[in-house]
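Undergrad: predicted structure and sequence below. I'll ask about it afterward.
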Amino acid sequence: MKSGMVIVGAGEAGVRAAVTLRQQGWDGPVTLLGEEPHTPYERPPLSKDYLTGADRKLTSIGGTNQFEALEINFRPSVTVEAIRREDRTLITRDGETLQYEKLLLATGASARRVRIPKVPDPSILLLRSVNDSDRIRERMREGLNVVMVGGGFIGLEVAASLRSHGAIVHVLELQDELMKRAVPASIAQIIRQEHQNQGVHIHLSTRVSDVNTRHDRRMLTLSNGQTIQADMIIAGVGAAPSTGLAESAGLRIENGIAVDAGMATEDPHIFAAGDCCSFPHPLYDNNRMRLESWRCAQEQGEVAALNMLGKGETYMKAPWFWSNQFDLGLQIAGLPDQGSEEVVRQIDDRSLLHFSLRADGTLAGAAGVAPGNAIARDIKICERLINGGSKPDPAVLSDPGAPLKPLLQAG
Ligand SMILES: Cc1cc2nc3c(=O)[nH]c(=O)nc-3n(C[C@H](O)[C@H](O)[C@H](O)COP(=O)(O)OP(=O)(O)OC[C@H]3O[C@@H](n4cnc5c(N)ncnc54)[C@H](O)[C@@H]3O)c2cc1C
């Protein structure tokens with residue numbers, strides 16, 4: 001019997017790869033190994049509707065019966081501990097050995113920890129898995145004093161979710177603006193204003209300088225001089241790619257498992273996709289990057305599967321990301337920080353599109369914020385402009401009355 005395709009990591013990238021292998025007609029064995037005990041589930045709701053309890057059920061990735069129907073051998077609660085490249089074998093924590101013909105590493109990332117002097121590590125909660133989200137949800141009650149360390153996407157989504165349910169929320173951010181690395185300042189300001197209007201306390205350029213416990217209450221003294229009560233501390237300070245397995249197998253690590261634009265490592269039998277890998281992006285001068293994005297993980301899983309079948313595909317789509325906080329929807333297409341000229345379309349107080357152009361006039365990235373899904377269509381158009389290497393007229397981009405769609409024809 002053929003040893004078949006083996007995928008380590010049953011998240012967004014791993015599941016998509018398994019399904020793609022079948023859709024492409026691969027009829028040999030497909031084994032999907034996941035260390036979590038659950039059927040693969042969507043992570044984005046964990047900081048949004050699942051956390052608030054608005055949606056109490058886990059959303060499974062791609063439906064529950066697909067593995068049986070597609071004859072994908074999905075095995076939960078299996079941790080792969082080593083790769084023996086010389087005889088193409090995996091070793092699991094239980095000591096089982098598994099042969100592979102081609103291997104995909106889709107091991108994702110894990111939430112980074114923060115250290116706060118005098119606060120034991122385990123009492124600083126993290127959010128990556130459903131168990132993490134459950135832990136926060138179980139302790140949630142009205143009037144709970146929550147300190148969110150980190151004003152990035154996950155930190156702010158959690159802040160919005162808990163505030164909507166009556167918690168008193170403080171967000172501590174080291175930088176002088178929220179979401180500083182990923183989002184243009186004009187958009188970060190709208191989101192900050194929304195949080196403040198909703199009663200979230202935002203502390204910029206601030207860290208914890210001391211911790212004291214009085215009458216069972218943990219009090220944090222901040223570097224801005226304020227003292228706040230912390231019944232629950234959550235850290236949202238980014239995620240580290242899960243590269244341990246690849247590293248001990250001698251694969252190259254460069255801010256993630258290093259792959260080429262076809263998701264292949266330097267070992268022709270091993271591929272990597274999703275949050276765990278870094279790759280050169282053809283739309284951005286082949287600069288090596290690692291993305292933590294739901295859609296990117298899916299698309300890379302798909303490309304990896306095609307190339308496990310020898311199809312010679314390249315991953316070259318504009319990145320796309322979304323976040324929901326209170327009733328605001330934020331979307332980003334491409335990489336706004338890769339442009340040199342900024343063009344802003346101010347639609348109203350809470351709605352704005354920000355375009356980032358390169359020196360040659362092509363669109364490097366676009367970001368937008370508005371209530372609900374209002375900017376989704378425009379960001380979709382921007383995605384097409386980025387993918388097509390178009391040079392949109394800045395006068396049209398900045399004009400709130402001008403539709404963007406005609407720019408697709410203008411080239
Ligand atoms: C709370 C939260 C909210 C998010 N919200 C958004 C959003 O709004 N928009 C957006 O674009 N993105 C969002 N993301 C990011 C998005 O969910 C990730 O980019 C995506 O899940 C990455 O998929 P992946 O398959 O690469 O990794 P993961 O989904 O992390 O899956 C990797 C899996 O591999 C398993 N694994 C690791 N090592 C091993 C091993 N040795 N053996 C077996 N199994 C192993 C892990 O347990 C895990 O289940 C969010 C992420 C989180 C955590």
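TA: Thanks, I have the structure now. Remember, it's a predicted structure, so these values are computed and weren't measured experimentally.

Undergrad: relative to E12, how far out is the nearest residue to I379 once chain neighbours are set aside?
TA: Nearest-residue entry for I379: Q331, 4.3 Å, with adjacent residues in sequence omitted and distances by C-beta to C-beta, 6 or more residues apart in numbering. (Glycine included, C-beta is placed from N, CA and C.) Distance of Q331 to E12, computed by C-beta to C-beta, to the nearest Å: 18 Å.

Undergrad: of the two, who's got more company?
TA: Set Q331 next to E12 and count neighbours by other C-beta atoms under 10 Å: E12 wins out with 29 against 24.

Undergrad: show me what contacts that one?
TA: Neighbouring residues of E12 by C-beta atoms under 8 Å, 6 or more residues apart in numbering: E42, R43, I61, G274, W294, A297, Q298, G301.

Undergrad: looking at those, spot the one nearest the ligand.
TA: Comparing these against the ligand with C-beta to the nearest ligand atom places G274 closest, at 2.2 Å.

Undergrad: next up, the contacts around that closest one.
TA: Counting by C-beta under 8 Å, 6+ apart, G274 touches G9, G11, E12, A13, G14, A106, G108, C296, A297, Q300, G301.

Undergrad: give the buried residues for the strand or helix carrying the fifth one.
TA: Taking DSSP states H and E as the criterion, G14 maps to helix 12-23. Neighbour-count burial for helix 12-23, counted by 16 or more other C-beta atoms under 10 Å, picks out E12, A13, G14, V15, R16, A17, A18, V19, T20, L21, R22.

Undergrad: was I right about the fourth one contacting A305?
TA: No - using C-beta atoms under 8 Å, V15 is not in contact with A305; the gap is 10.6 Å.

Undergrad: got the buried residues for stretch 365-381?
TA: Buried positions in stretch 365-381, judged by neighbour count with 16+ other C-beta under 10 Å: G365, A366, A367, G368, V369, A370, A374, I375, D378, I379, I381.

Undergrad: one more: stretch 142-151?
TA: Buried residues in stretch 142-151, counting neighbours by 16+ other C-beta under 10 Å, are found at L144, N145, V146, V147, M148, V149, G150, G151.

Undergrad: at which residues are the strands of the stretch 201-350 of the chain located?
TA: Assigned by DSSP state E, counting those that start in this stretch, the strands in the stretch 201-350 of the chain fall at 201-203, 208-214, 217-222, 227-229, 232-235, 239-241, 257-258, 270-272, 277-281, 287-289, 320-325, 328-334, 341-348.

Undergrad: which residues does the shortest one contact?
TA: When contacts are defined by C-beta under 8 Å, 6+ apart, strand 257-258 is touched by residues 105, 241, 243, 246, 251-252, 265-266, 272, 276-279, 288.
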